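[1] what follows is a predicted protein model with its sequence.
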Amino acid sequence: MGAVTVKRMMNAFGSAAAIFEVSERDLLGIHGIGQDRARAFIQGLKTAQADGEAQQADTLGVTLVTWADPTYPSLLKKIADPPLVLYVAGSAAALSAPSVAIIGTRQPTVYGREFAQRLGFQLAGAGYVVVSGLARGIDTEAHRGAIKSGGRTVAVVGGALDCLYPKENESLAKEISEKTGAVISEYPFGRKPDRQTFPMRNRIVSGLVRGVVVVEAPLGSGTLITVDQALDQGRSVMAVPGRADSPASQGCHQLIRNGARLVTSADDILEELQDLLPGVTRSSASTEALTPDSPAPTPPVTGDEAKLLNVLEQEPTHIDALIRTSDLPAGTVNALLIGLKIKRRVKLLPGGMVALEPRIV
């Protein structure tokens, strides 16, 4: 059962513990659980054993953090489908500190590698936890930069902690967990990473942070899956520009055209985060202390974006009605909505509905 279904079960039966006492018939009353799934779940409960998993965690020095644990990160808990359990190697406290994700392609240019490591160094030195996915390329450089600064970094992996991938980053993972950072997974021991687990872990990367920075990403890159998750979760999206003719930066350029904050230094990121972490900023990434300041200005909107916002001022509107009312081509409206999501002005609702995001004052 996934997190969304378990939430429904907890609401229906009163607690997580009560789920273990229900019958197959009780489960049929839960939306999304049919007879076959209910039967399989009940049969699974008869053979499930937690003791072996807990013992292996203890042997490996891994902490199991559940929804009921006070150390479960509050930001992550608020997303639509938070992990039921986090396997944490290292410091669980690092998961709840102010943090920024640095993500990008597994095949970066020299420029991308250097920039990612520099951002990781500066942000971690500024007191932020740098979150990434331990993948080759940009992720690796972001983690290394944070470690070099003496700061903290969190790696979210796409398989179990005893099945780390890629193999060449096992020593990096060990270094992260031993230096006040953490390596985390939602998967039980023995689960190897695959094409399904990597996209799933992306929601955790964005769910832990207030903002996501894309350093290099080609068009169609898997990195943009994390960006989509970040937008759905209401996170700030930022992107680093590259050479105009560099395929590695075309995804970043597209994000910037759609309204993502353009990043040329760590100070751009810290300024963007002012309104997400009220009262906290840094005048320079090279200075020592966080100082109070006023919130960052609201990102401006274009004329066509304002036209859509005016329609949405009345009430949530279906995207088809928005296209008709705005008298703009469907492709243009879709592109404008992506930009407005990045600027945290609108949100997409189930059934193709679009609504304004509540404004922070």
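    That came in fine, so what should we check first? Keep in mind the model is a prediction, meaning the values are calculated, not measured.
[2] what's the one helix or strand Leu119 maps to in contact with?
    In this structure, Leu119 is located in helix 110-125 according to DSSP states H and E. By CB atoms under 8 Å, 6 or more residues apart in numbering, the list of residues contacting helix 110-125 from outside reads 100, 102, 104-105, 108, 130, 137-138, 141-153, 213, 215-216, 240, 242-243, 248-249, 263, 265-266, 269-270, 285-286. C-beta coordinates here come from the backbone N, C-alpha and C atoms, glycine included.
[3] my read: Leu84 touches Pro188, true?
    No - in this structure Leu84 lies outside contact range of Pro188 using CB atoms under 8 Å: 10.5 Å.
[4] circling back: which ones among the contacts of helix 110-125 lie within strands?
    Under the assignment DSSP state E, the contacts of helix 110-125 contribute 100, 102, 130, 153, 213 to strands.
[5] this protein: strands as residue ranges?
    Under DSSP E, the chain gives strands at 62-66, 85-90, 99-103, 129-132, 153-156, 182-185, 211-214, 236-239, 261-262, 317-318, 346-349, 353-356.
[6] which residues touch the fifth one?
    When contacts are taken as CB under 8 Å, 6+ apart, the neighbours of strand 153-156 outside the stretch itself are 94-95, 99, 120, 124, 129-134, 139, 142-143, 146-147, 172-173, 176, 181-185, 201, 204-205, 208.
[7] which parts of the helix holding Leu119 are buried?
    Buried residues in helix 110-125, counted by 16 or more other CB atoms under 10 Å: 111-113, 115-125.
[8] run the chain-centre distance for it.
    For helix 110-125, the separation from the chain centroid amounts to 19 Å (computed by CA atoms, centre = their mean, to the nearest Å).
[9] number the residues from 477 up from this point.
    Sure, I'll start counting at 477 from here, so that last one is helix 586-601.
[10] so for the residue nearest the centre of the chain, what's the pLDDT?
    The chain has Ser682 as the residue nearest its centroid, 1.0 Å off, counting by CA atoms, centre = their mean. Looking at Ser682, its pLDDT is 96.
[11] look up how far Arg686 lies from the nearest residue to it once chain neighbours are set aside.
    Distances taken as CB to CB, 6 or more residues apart in numbering place Ala706 nearest to Ser682, at 3.9 Å, with adjacent residues excluded. Counting by CB to CB, to the nearest Å, the separation of Ala706 from Arg686 is 10 Å.
[12] looking at these two, which one has more neighbours?
    Ala706 (27 against 20; other CB atoms under 10 Å).
[13] ok, the more buried one - contacts?
    577, 682, 688, 712-713.
[14] list only buried entries from those.
    When these are checked for burial by 16+ other CB under 10 Å, the buried set is 577, 682, 688, 712-713.
[15] which stretches of the stretch 477-626 of the chain form helices?
    479-489, 492-495, 500-503, 511-523, 527-536, 550-553, 586-601, 614-624 (DSSP state H, counting those that start in this stretch).
[16] next one: the stretch 627-776 of the chain
    646-654, 673-683, 699-708, 726-733, 742-748.
[17] quick one on the thing from earlier: just name the closest of the ones in strands among the contacts of helix 586-601 to Thr523, please.
    In terms of CB to CB, no member of the ones in strands among the contacts of helix 586-601 lies closer to Thr523 than Thr629, at 38.2 Å.
[18] what's the closest non-adjacent residue to that closest one?
    Ala622 (3.7 Å).
[19] likewise for Leu610?
    Per CB to CB, 6+ apart, closest to Leu610 is Ala631, 4.0 Å.
[20] any idea what the one you found is bridged to?
    Ser608, Val659 (DSSP bridges).
[21] can you list the helices of the stretch 477-626 of the chain in JSON lines and add distance to Ala636 and mean pLDDT?
    Compiled in JSON lines, these are given as follows (distance: least, CB to CB, whole Å; pLDDT from 0 to 100):
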{"stretch": "helix 479-489", "distance to Ala636": "18", "mean pLDDT": "90"}
{"stretch": "helix 492-495", "distance to Ala636": "22", "mean pLDDT": "89"}
{"stretch": "helix 500-503", "distance to Ala636": "27", "mean pLDDT": "93"}
{"stretch": "helix 511-523", "distance to Ala636": "19", "mean pLDDT": "90"}
{"stretch": "helix 527-536", "distance to Ala636": "10", "mean pLDDT": "93"}
{"stretch": "helix 550-553", "distance to Ala636": "19", "mean pLDDT": "94"}
{"stretch": "helix 586-601", "distance to Ala636": "25", "mean pLDDT": "94"}
{"stretch": "helix 614-624", "distance to Ala636": "18", "mean pLDDT": "96"}
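[22] between those, which one is closest to Ala544.
    helix 492-495 (7.1 Å).
[23] measure how far the closest one is from the centre of its chain, please.
    From the chain centre to the centre of helix 492-495 is a distance of 28 Å (CA atoms, centre = their mean).
[24] ok, stretch 477-497 next?
    With CA atoms, centre = their mean, you get 24 Å for stretch 477-497.
[25] got a list of contacts for that stretch?
    With CB under 8 Å, 6+ apart, stretch 477-497 has contacts from 498, 502-503, 505-509, 517, 521, 543-544, 556-560.
[26] now swap in stretch 542-559 and tell me
    Residues contacting stretch 542-559 (CB under 8 Å, 6+ apart): 478-480, 492, 541, 560-562, 568-569, 571-572, 662, 679-680, 683-686, 708-709.
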